[in-house]
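Engineer: Show me how the following folds:
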Amino acid sequence: MQTVIKNGLLSLTLGMVTAAPAAFGDTFSGKINGHECAHAGVTCPVDRLDPHIALERDFVLQKSDGNYMFMPNVPRDVKVRYALSTAEVKGDLNSRYQSIDVDEFRVGGKVVWSKAMAKAEFANFYSESPIPGR
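Structural biologist: Take a look at the predicted model:
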């Protein structure tokens, strides 16, 4: 009986420890790179003025080991703005699709996009009257 209780408590404790990081999200860092380039194993665009940026359909967070992760809930224009920058992303990883449901997107230690910021802007945009003075 004691062995069953001890094993049950051990399983419960291990389950709580392994579940805890998922509840708070993980932090990932890397360089913002064009998806096609990351897939080919190269870094591009060459610089921020490279016309190649227009040809990239999406941008990914590429880690130092070469692996990359999609960030589907971050608008493309935000990712383009920080192409080639080192970024830190906080969110939940979907390991099956190698994608992150991003909560915060940081560059240079500053939050440049977050779910909360996007929600506030959306609410502000739709709460304002389209006709001045109303």
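
Engineer: What distance do you get for the residue lying closest to Arg81 once chain neighbours are set aside to Val89?
Structural biologist: If the residues on either side of it in the chain are set aside, Arg81 comes closest to Val112, at 7.8 Å by CB to CB, 6 or more residues apart in numbering. Just so you know, the C-beta spots here come from the backbone N, C-alpha and C atoms, and that holds for glycine as well. From Val112 across to Val89, the span is 11 Å (CB to CB, to the nearest Å).

Engineer: do Val80 as well
Structural biologist: Applying CB to CB to Val80 and Val89 gives a distance of 16 Å.

Engineer: Name the residue in these two with the higher neighbour count.
Structural biologist: Val89 (24 against 17; other CB atoms under 10 Å).

Engineer: separation between the more buried one and Gln62?
Structural biologist: Taking CB to CB, one finds Val89 at 11 Å from Gln62.

Engineer: partners of the residue most central in space within the chain in the sheet?
Structural biologist: Central residue of the chain (CA atoms, centre = their mean): Val102, 3.6 Å from the mean position. Val102 forms beta bridges with Gly91, as assigned by DSSP bridges.

Engineer: Surely it and Phe70 touch.
Structural biologist: No: using CB atoms under 8 Å, Val102 makes no contact with Phe70, being 9.9 Å away.

Engineer: Let me see the ranges of the helices in this protein.
Structural biologist: 2-24, 35-40, 52-55, 76-81, 115-127 (DSSP state H).

Engineer: Any idea how far stretch 70-83 is from the middle of the chain?
Structural biologist: Computed by CA atoms, centre = their mean, to the nearest Å, the chain-centroid distance of stretch 70-83 equals 9 Å.
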